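S.K.: sequence isn't available, so here's the structure alone:
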């Protein structure tokens, strides 16, 4: 399991940041590598809502179904993969600061045991880890730009 944690401060009210970040409609706009993100249930919001997500990382495309497993209004959101690879558990935390809102993005993910072959897997795992870490930083930077640009 690989764990990533990144934070950024955004000069915007917590309510504005939270509302924008947790809307599935905005996910493809700011989450790096997301190709598509759409609901698979009638529920579009809250615990139990599910979404299909397609991600392109390096030369790999992954499709997953995610479920919202925890939602604390104005504080946090957690989604977890139900199907597809790699397994992921993503958490978003929001807190008020003197200058706006601090957003922390935590991602835990795991590739299948044998993806392409053990030796190749080790090299690819290292490259994927680097790319996914970079994508996490880019995601937060994108979110900041969308919310701070008039």
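M.R.: Here it is on my side, so go on. Since the structure is predicted, the reported quantities are computational estimates derived from the model, not experimental observations. Numbers count the residues shown, from 1 in each chain.

S.K.: can you tell me the average pLDDT over the longest strand along the chain?
M.R.: If you go by DSSP state E, the chain has its longest strand at strand 60-72. When pLDDT is averaged along strand 60-72, the result is 93.

S.K.: and for stretch 76-86?
M.R.: Stretch 76-86 comes out at a mean pLDDT of 89.

S.K.: which residues does the nearest residue to residue 109 once chain neighbours are set aside contact?
M.R.: Closest residue to residue 109 apart from its sequence neighbours, by Cβ to Cβ, 6 or more residues apart in numbering: residue 88 at 4.2 Å. For the C-beta atoms, the positions are set from N, CA and C on the backbone; glycine is no exception. Residue 88 makes contact with 64, 66, 80, 81, 107, 108, 109, 110 under the criterion Cβ atoms under 8 Å, 6 or more residues apart in numbering.

S.K.: all strands of this structure, in order?
M.R.: When secondary structure is read from DSSP E, the chain shows strands at 2-10, 34-39, 50-57, 60-72, 76-84, 87-97, 100-110.

S.K.: closest one to residue 123 among the ones you listed?
M.R.: Judged by Cβ to Cβ, the one of the strands of the chain that comes nearest to residue 123 is strand 60-72, at 13.4 Å.

S.K.: so which elements touch the closest one?
M.R.: Based on contacts counted as 3 or more Cβ pairs under 8 Å, 6 or more residues apart in numbering; DSSP states H and E, the elements that strand 60-72 packs against are strand 50-57, strand 76-84, strand 87-97.

S.K.: neighbouring strands for it, and are they parallel or not?
M.R.: Taking DSSP bridges as the criterion, strand 60-72 sits next to strand 50-57 (antiparallel), strand 76-84 (antiparallel) in its sheet.

S.K.: with that, I have no additional questions.
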